[in-house]
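Novice: model this:
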Amino acid sequence: MSEENITRLTIEDKEFILIGTAHVSRQSAEQVKSIIEAEQPDTVCIELDEQRYKAITEGNKWKETDIFKVIKEKKASLLLMNLAISSFQNRMAKQFDIQPGQEMIQGIKSAKEIGAKLVLADRNIQTTFSRIWGNLGFMGKSQLLTSVFMSIFSKEEISEEEMEQMKSKDMLNSVLAEFTESFPKLKQPLIDERDQYLAQKIRKAPGKKIVAVLGAAHIPGITQEIYKEHDLKKLTALPPKPKWPKVVGWLIPLLIVGLIVYTFLANPEAGLQQTISWFLWTGSLAAVGTIAALGHPLAVLTSFVAAPLTALHPLLAVGWFSGAVQAYMRRPSVRDFETLSEDVFTVKGFWDNKVTRVLLVIVLANIGGSIGTFIGGADVIKTFFQNL
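Specialist: Numbering: from 1, shown residues only. Okay, here's the model as predicted:
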């Protein structure tokens, strides 16, 4: 039996067998099966949290999604991002005719077959996302989103041989070095903190012999961190939200309204010009965003009418209103949810599927409205100073 991609550690009276895998590799799944059957461990740890475990074991649940609930709970951007990220992995899995995460599925199945205890060793994915997002500034967020969406629609294919080479430690280190150079603030929450969390969960797993099924990127870090004690509460704490965005979120609308009112009192004609400018910039650019998402004409009209008002309230977003209208006029069918995993492979599929169309309307209307707010606000300020 090949020991390639296997790391064996002994700490006190416990033996740990770490299997470094690629998440869309058939050979990884086969190796997980053979190692667990041969070693007969007391516990199998897998790199999943409760949410991803349910997603894998319960299968495709998209058709049960309530699109209006997604809009109401303000999760449209998160859902769109999750679809974007998963589409790349799903495309590679389809290329090799395997299930994404098949090595984790195999770990779950093999643990059950030999009667081993199963430990979900990874940190909650929402916690990781929150800590990642909190570490990025505006430019970092923009760069990350752009990189993710560019990777979705890349036509580049990777051979299974190259996939296996990615699991070698030398190549892995170079990949991580390049990764941290592009997104230096991303490595800590995405890799380092999860290495510590995974290491602690694996070390504290019950039994004398533990097999851990892990993405190869985590093996170097875990082999260092597993000898240390880590505070899981600290690693799962959500970053505190700074107060200044809320303060600024209220100050800007108050400033805009105050400037328009003052200008109206001093020069009604200029005040009317300010108001028209505000409505045209915010409404038009939100409508342009909705058009770019190929939104329904009523959704476009909703964006145009709602944007000037929602821009003055930091707790509201124009995309919620235009997205709700889009969902009502072009309500996604069961078929749209069933074909979602296939449709997100391409740009055309993203825009054709009614589910992602609603999400795109929400996101692009919000982006257009935000740009309109900055331009319209600047025009209001310029008019104010011209009429002092």
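Novice: Next, the buried residues of the longest helix belonging to the chain.
Specialist: Scanning the chain for the helix with the most residues, using DSSP state H, yields helix 354-386. When neighbours are counted by 16 or more other Cβ atoms under 10 Å, the buried residues of helix 354-386 are found to be 354-373, 375-377, 379-380, 383-384. C-beta: built from backbone N, CA, C; applies to glycine.
Novice: just for the stretch 51-200 of the chain, where's the confidence low?
Specialist: Along the stretch 51-200 of the chain, the model assigns pLDDT under 70 to residues 59-67, 70-71, 73-100, 134-185.
Novice: Can you name the residues in contact with stretch 274-286?
Specialist: Taking contacts as Cβ atoms under 8 Å, 6 or more residues apart in numbering, the residues outside stretch 274-286 that touch it are 256, 259-260, 263-264, 303-308, 311, 318, 322, 365-366, 368-369, 371-373, 375-377, 379-380, 383-384.
Novice: Could you give me the buried positions within it?
Specialist: For stretch 274-286, the neighbour count (16+ other Cβ under 10 Å) marks Q274, T275, S277, W278, F279, L280, W281, T282, G283, S284, L285, A286 as buried.
Novice: Any chance of the residues you listed in a markdown table with distance to E47, secondary structure and pLDDT as columns?
Specialist: Putting the buried residues of stretch 274-286 into a markdown table (distance: Cβ to Cβ, whole Å; DSSP: H, G, I helix; E, B strand; the rest coil; pLDDT from 0 to 100) gives the following:
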| residue | distance to E47 | secondary structure | pLDDT |
| --- | --- | --- | --- |
| Q274 | 55 | helix | 92 |
| T275 | 55 | helix | 94 |
| S277 | 53 | helix | 94 |
| W278 | 50 | helix | 95 |
| F279 | 51 | helix | 96 |
| L280 | 51 | helix | 96 |
| W281 | 47 | helix | 96 |
| T282 | 45 | helix | 96 |
| G283 | 47 | helix | 97 |
| S284 | 47 | helix | 97 |
| L285 | 42 | helix | 97 |
| A286 | 41 | helix | 97 |
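Novice: Turn these into CSV, including distance to D122.
Specialist: Conversion of the buried residues of stretch 274-286 to CSV gives the following (distance: Cβ to Cβ, whole Å):
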residue, distance to D122
Q274, 52
T275, 52
S277, 50
W278, 47
F279, 48
L280, 49
W281, 45
T282, 42
G283, 44
S284, 45
L285, 40
A286, 38
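Novice: So which of those is the closest to A29?
Specialist: Distance from A29 was checked for each of the buried residues of stretch 274-286 by Cβ to Cβ. The minimum falls on A286, at 46.5 Å.
Novice: Would you check how far apart the nearest residue to H218 once chain neighbours are set aside and A217 are?
Specialist: In space, not counting the residues next to it along the chain, H218 is nearest to D195; the distance is 5.5 Å by Cβ to Cβ, 6 or more residues apart in numbering. Look at D195 and A217: by Cβ to Cβ, to the nearest Å, they are 9 Å apart.
Novice: neighbours around L312, how many?
Specialist: Number of residues near L312 (other Cβ atoms under 10 Å) recorded here: 16.
Novice: now the end-to-end length of stretch 222-229.
Specialist: This stretch, stretch 222-229, spans 12 Å end to end (Cα to Cα, to the nearest Å).
Novice: same deal with stretch 53-68?
Specialist: Across stretch 53-68, first to last residue, Cα to Cα, it's 25 Å.
Novice: Could you look up the SS state of the residue nearest to H218?
Specialist: Secondary structure for D195, judged by DSSP: H, G, I helix; E, B strand; the rest coil, is helix.
Novice: show me where pLDDT drops low in the stretch 251-388 of the chain?
Specialist: Checking the stretch 251-388 of the chain against pLDDT under 70 turns up 334, 338, 341, 344-345.
Novice: please redo it, this time with the cut-off set to 90
Specialist: Using pLDDT under 90 as the threshold, the predicted model of the stretch 251-388 of the chain has low-confidence ranges 251-253, 266, 313-316, 331-356, 359, 363, 383-388.
Novice: Next, work out how far apart D192 and I222 are.
Specialist: When distances are taken as Cβ to Cβ, D192 and I222 turn out to be 11 Å apart.
Novice: With neighbour numbers in mind, choose between those two.
Specialist: I222 (26 against 14).
Novice: what kind of secondary structure is the nearest residue to that one once chain neighbours are set aside in?
Specialist: Setting aside the residues directly before and after it, I222 is nearest to A199 in space (Cβ to Cβ, 6+ apart), at 4.7 Å. When classified by three-state DSSP, A199 comes out as helix.
Novice: can you map out the strands along this protein?
Specialist: Listed in chain order, the strands of the chain (DSSP state E) span residues 6-11, 14-21, 43-46, 117-120, 209-215.
Novice: Y328: which of those strands is closest?
Specialist: That would be, of the strands of the chain and by Cβ to Cβ, strand 117-120, which comes in at 38.5 Å.
Novice: What is that closest one packed up against?
Specialist: Using 3 or more Cβ pairs under 8 Å, 6 or more residues apart in numbering; DSSP states H and E as the contact test, the elements touching strand 117-120 are strand 43-46, helix 102-114.
Novice: buried stuff in that strand?
Specialist: If you call a residue buried by 16+ other Cβ under 10 Å, then strand 117-120 has these buried ones: L118, V119, L120.
Novice: From N366, how far out is the second one?
Specialist: Separation of V119 from N366 (Cβ to Cβ) stands at 40 Å.
Novice: Double-check I105 against I56; I have them as touching.
Specialist: Yes. Between I105 and I56 a contact is recorded at 6.0 Å, counting by Cβ atoms under 8 Å.
Novice: if we can go back for a sec, the residue nearest to H218 - how many residues pack around it?
Specialist: Neighbour count of D195, defined by other Cβ under 10 Å: 22.
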